[in-house]
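>>> structure, please.
(3 chains)
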Amino acid sequence: MFHLLDIIGTIAFAMSGALTAMNKKLDLFGVFIIAFVTAVGGGTLRDVMIGRTPVGWMLDLEYVYVICFAFVLTLVFRKKFEKLRTSLFLFDTIGLGVFTLIGLEKGISVGLHPTICIALGTMTACFGGVIRDILCAEIPVIFRKEIYATICILGGIVFFLLKSFHLDNDILYLITSLVIISVRLMAVKFKWYLPTLEKN
Amino acid sequence: MFHLLDIIGTIAFAMSGALTAMNKKLDLFGVFIIAFVTAVGGGTLRDVMIGRTPVGWMLDLEYVYVICFAFVLTLVFRKKFEKLRTSLFLFDTIGLGVFTLIGLEKGISVGLHPTICIALGTMTACFGGVIRDILCAEIPVIFRKEIYATICILGGIVFFLLKSFHLDNDILYLITSLVIISVRLMAVKFKWYLPTLEKN
Amino acid sequence: MFHLLDIIGTIAFAMSGALTAMNKKLDLFGVFIIAFVTAVGGGTLRDVMIGRTPVGWMLDLEYVYVICFAFVLTLVFRKKFEKLRTSLFLFDTIGLGVFTLIGLEKGISVGLHPTICIALGTMTACFGGVIRDILCAEIPVIFRKEIYATICILGGIVFFLLKSFHLDNDILYLITSLVIISVRLMAVKFKWYLPTLEKN
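Numbers count the residues shown, from 1 in each chain, chains lettered A, B, ... in the order given. As a prediction, the model looks like this:
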């Protein structure tokens, strides 16, 4: 079940990358690389920084195949995506929840402090998009518009609070991802933003 | 022989970086860093992601000296480069072939799957240029204009096809680099491009 | 004492990041990430490239707390910074000296060549700012305006020259950082720049 959600998240992230790259009028190779990097970039950064190398997707080819599949799907249905916006947004939100959990677990498995684990969860879920935006020569969207990373941090805090009650892992995962997913849905529905700060 | 070609490729990549940086009106330090990063950035990224650290150029100072040499050469002859365009292009193409082979071999030495080895070959040959463009605040040129990375992928596929016939390593290297170099020459000669995709 | 200066440098770098991010009108999360990355980005890059993982700040939470403190301080006093410009500049210059020394020492501890150690010192002191500028979609300021990285290289050369006289470590650190700090002050005072190079 968790694995299936991981696949869904990967597909959603790859599609979001591919669509951004098409908007920037990149060529086929550029679109593929941006799709790839959006899907695995956060996890790659995490693995490199904690020293789990070769990084995840080099050892488990499934991610490569799933991203290729998402890439082809996006090419074929690229003119239909307006109608699919809601589904895409839902998938992306599932990815946010699952990727945060994967990052949290990786940090715990290396024996890092909860604060750092939360940073790793947020990195896993959000920094693929950051690298996507940098490669497209844009200021990363999560730094200026959407409340996105903050939700991962919140999810991480909930995770460690619940963990201190020695809950079963399945229940822990379920509640954390439900918190992330529902706060994200509410944030978009009610247009919650983080404030920007004027210097003067 | 292979080592000589590696040096030629490194010089060509460093020069391409230095020239790009001069066009952006960077100062001397900026020009040097961009030259350096263009030459070793792809290999550095590869080494970090497969966990071969300290990365290559930190252990073999020859690269550092070669890049310094290329940097000085570019400074001195910077007004003459229009006339040297063809030679530079040839050197750059040699670099493309050699760097792809080095990346392929590194992947094999770590025991990774052929698909991942091809990705590492492409990364070694192309991502120095990607980092160069990001540092110059541009969308990487290989994502939007030139057919470049695709040739490395093609070269990688040829490499593994031939390898399955248990050819001698020297012949394997020779054919793969000749394929990469000749396809690149034809791509430029006949103006082959990858399509860009309109979303609407 | 050295540790105190490290803290002061970290605070100054985090503040410089936060102020840059506010100028770009990023939201609270964006400002925090840019502050964080400016402070620890150079050291992170260094640790990843020499294979000392998990990277420094993941193992020593003090950095995280210091950066959070600097972040809050910058938010609260963001309208007062015009008057504090001189202090900020002094703190930043202390950071330059201390971070260069930390990078030099890390390189020596891994057994790398002095040339590479100087590169690591420069990377530690300067590349947090480079990542900050990339995340803000700007060409890094140290590549085009200020004489900044060059001073770290100079400091590194002085360090190894003095080291060959088998000086006491404390004196070695003191002289190296004083050289870096005083050259930096003079560079700003007398408006020293590196030349840019016109191609035509």
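
>>> for the closest residue to residue A:179 other than its chain neighbours, grab the count of nearby residues.
In space, and not counting its chain neighbours, residue A:179 is closest to residue A:158: 5.0 Å by Cβ to Cβ, 6 or more residues apart in numbering or on different chains. Glycine gets a C-beta too; all of them are placed from N, C-alpha and C. Each residue near residue A:158 was counted by other Cβ atoms under 10 Å in any protein chain shown, and the total is 17.

>>> so which bits of chain A are right by chain B?
Within chain A, the positions lying close to chain B (Cβ under 8 Å from any Cβ of the partner chain) are A:19, A:21-31, A:33-34, A:44, A:48, A:51, A:53-55, A:58-59, A:61, A:64, A:75, A:78-79, A:81, A:134-137.

>>> look at the residue nearest the centre of chain A and report its pLDDT.
When Cα atoms, centre = their mean is applied to chain A, the residue found nearest the centroid is residue A:125 (3.0 Å). Each residue has a pLDDT score; the one for residue A:125 is 94.

>>> which residues are in contact with it?
A:42, A:95, A:96, A:99, A:100, A:103, A:149, A:152 (Cβ atoms under 8 Å, 6 or more residues apart in numbering or on different chains).

>>> make it 10 Å
For residue A:125, the contacting residues are A:9, A:13, A:42-43, A:46, A:95-104, A:142, A:148-149, A:151-152, A:155-156, A:180, taking Cβ atoms under 10 Å, 6 or more residues apart in numbering or on different chains as the criterion.

>>> burial count for residue A:161?
12.

>>> sorry, back to before: can you mark which positions in the helix or strand hosting the residue nearest to the centre of chain A are buried?
Secondary structure assigned from DSSP states H and E places residue A:125 in helix A:114-135. Under the neighbour-count criterion of 16 or more other Cβ atoms under 10 Å in any protein chain shown, helix A:114-135 has A:114-135 buried.

>>> which stretches of chain A form helices?
Here chain A has its helices, by DSSP state H, at A:2-23, A:28-50, A:56-59, A:62-76, A:85-109, A:114-135, A:149-163, A:169-189.

>>> what angle do the last one and helix A:85-109 make?
Interaxial angle of helix A:169-189 relative to helix A:85-109 (axes from the mean of the first three to the mean of the last three Cα atoms, to 10 degrees): 140 degrees.

>>> what does the average pLDDT come to for helix A:169-189?
Looking at helix A:169-189 alone, the average pLDDT works out to 90.

>>> give the buried residues for it.
Buried residues in helix A:169-189, defined by neighbour count with 16+ other Cβ under 10 Å: A:172, A:173, A:174, A:175, A:176, A:177, A:179, A:180, A:181, A:183, A:184, A:187.

>>> look up the closest residue to residue A:188, ignoring the ones flanking it.
Closest residue in space to residue A:188, ignoring its immediate chain neighbours: residue A:89 at 7.4 Å, by Cβ to Cβ, 6+ apart.

>>> list the contacts of residue A:89.
Contact partners of residue A:89, counting by Cβ under 10 Å, 6+ apart, are A:12, A:16, A:184, A:185, A:188.

>>> quick one: residue A:136 and residue A:23 touch, right?
Yes - in this structure, residue A:136 sits in contact with residue A:23. The criterion is Cβ atoms under 10 Å, and the distance is 8.5 Å.

>>> looking at those two, which is more packed in?
Neighbours per residue (other Cβ under 10 Å) separate residue A:136 from residue A:23, with residue A:136 holding more: 20 against 13.

>>> list phi and psi for the more buried one.
Listed backbone geometry of residue A:136 is phi -100, psi 10, with angles given as degrees, to the nearest 10.

>>> so how far is residue B:148 from it?
Between residue A:136 and residue B:148 the computed distance is 18 Å (Cβ to Cβ, to the nearest Å).

>>> residue A:52 too?
Separation of residue A:52 from residue B:148 (Cβ to Cβ): 31 Å.

>>> cool, residue A:122 as well?
As it turns out, when the distance is counted by Cβ to Cβ, residue A:122 lies 34 Å from residue B:148.

>>> can you check residue A:185 too?
In terms of Cβ to Cβ, residue A:185 sits 42 Å off from residue B:148.

>>> picking up where we left off before, just the buried ones from the residues of chain A next to chain B?
By the neighbour-count criterion of 16+ other Cβ under 10 Å, the residues of chain A next to chain B include these buried positions: A:19, A:21-22, A:24, A:26-31, A:33-34, A:44, A:48, A:51, A:53-55, A:58, A:64, A:78, A:81, A:134-137.

>>> which stretches of chain A have low pLDDT?
Applying pLDDT under 70 to chain A flags residues A:1, A:198-200.

>>> tally of neighbours for residue A:193?
Neighbours of residue A:193 under the rule other Cβ under 10 Å: 12.

>>> any idea what it is bridged to?
According to DSSP bridges, the partner residues bridging residue A:193 are residue A:146.

>>> give the contact list for it.
Counting by Cβ under 10 Å, 6+ apart, residue A:193 touches A:144, A:145, A:146, A:147, A:187, C:27, C:28.

>>> from residue A:150, how far off is it?
Computed as Cβ to Cβ, the residue A:193 to residue A:150 distance reads 10 Å.

>>> and stretch A:107-114, how far apart are its ends?
Stretch A:107-114 stretches 8 Å from its first residue to its last (Cα to Cα, to the nearest Å).

>>> residues in contact with that stretch: which ones?
By Cβ under 10 Å, 6+ apart, the list of residues contacting stretch A:107-114 reads A:46, A:50-52, A:104, A:106, A:115-121, A:123-124, A:156-157, A:159-161, A:163-164, C:53-54, C:58-61, C:64.

>>> at 6 Å instead, please
For stretch A:107-114, the surrounding residues in contact (Cβ atoms under 6 Å, 6 or more residues apart in numbering or on different chains) are A:50, A:116, A:117, A:120, A:160, C:58, C:61.

>>> and residue A:191, what are its phi and psi?
Phi and psi for residue A:191, reported as degrees, to the nearest 10, are phi 50, psi 50.

>>> before we move on, back to that, and the contacts of stretch A:107-114, which two are furthest apart?
Within these, A:50 and A:160 form the most distant pair, 17.8 Å apart (Cβ to Cβ).
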